[in-house]
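> kindly generate the corresponding structure for this input.
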Amino acid sequence: MGDVSLLPDEVVLVDLLVDQVRGGVTVNGKVSVNWNAECSRCLRQVDGCAIAEVEELFEEHPREGESYKLGEEFIDLEPMIRDAVLLELPVGVIRCSATEECLAAAPAYQVLDNNSNEDPDRKESKDPRWAVLDDLTFEDE
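Numbering: from 1, shown residues only. So this is what the prediction gives:
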């Protein structure tokens, strides 16, 4: 999903409690998996763990978006696990910790945001590609 990937041979840890209820089966517990991506700044490998809490219902006649299919003898957990893990993977810009090497790899004109892990004392400067727009003026009508 995006720049985040799961290795094909990655182990998915599943800790679930399965309970019978009227008209179906409930599945409650945790699903966790390790993910990896590249730092968007220095392109180093970044690893993390996605942990999903699940509370799902399996029914013979599932309602789309509300429950999963209950088989006659088996419960197919794969769709539920896939959905839970995908929702827990990081979305957006992924960065490694703000090490000196990673900060040095950042362009000098990078603008800092409040959500970044960067040094707040680092000087901000404007992107030179947009400098010509500073001279642009508009007249009020």
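
> switch to C-alpha atoms for all contacts and neighbour counts from now on
Fine.

> quickly list the domain ranges of the protein.
The record assigns the chain these domain ranges, following automatic domain parsing: 13-88, 100-135.

> where are the low-confidence patches of the protein?
1-2, 97-127, 141 (pLDDT under 70).

> which parts of it are strands?
Under the criterion DSSP state E, the chain contains strands at 13-21, 24-38, 45-59, 68-69.

> can you tell me the closest non-neighbouring residue to the residue sitting nearest the centre point of the chain?
Taking CA atoms, centre = their mean, the centroid of the chain lies closest to Pro90, which sits 1.3 Å from it. Of all residues not flanking Pro90 in the chain, Val4 sits nearest, at 7.3 Å (CA to CA, 6 or more residues apart in numbering).

> still on that earlier bit, turn the domains of the chain into TSV, including mean neighbour count and distance to Ile94.
Listed next are those as TSV, based on neighbours: other CA atoms under 10 Å; distance: least, CA to CA, whole Å:
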stretch	mean neighbour count	distance to Ile94
domain 13-88	15	5
domain 100-135	11	10
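
> rewinding a little: looking at the strands of the chain, which is nearest to Phe138?
Comparison of these against Phe138 by CA to CA identifies strand 24-38 as nearest, at 42.1 Å.

> what does that closest one contact?
3-7, 10-20, 44-60, 70, 81, 84-85, 89, 94-95 (CA atoms under 8 Å, 6 or more residues apart in numbering).

> now do stretch 71-78
58, 60, 69-70.

> one more time with 7 Å, if that's ok
Glu60 (CA atoms under 7 Å, 6 or more residues apart in numbering).

> stretch 6-23 now?
25-36, 59.

> show me which helix runs longest in the protein.
helix 78-88 (DSSP state H).

> circling back: between the contacts of stretch 6-23, which sits nearest Thr137?
Using CA to CA, those come closest to Thr137 at Asn36, 46.1 Å.

> hey, what's the closest one bridged with?
On the basis of DSSP bridges, Asn36 is bridged to Ser5, Asp47.
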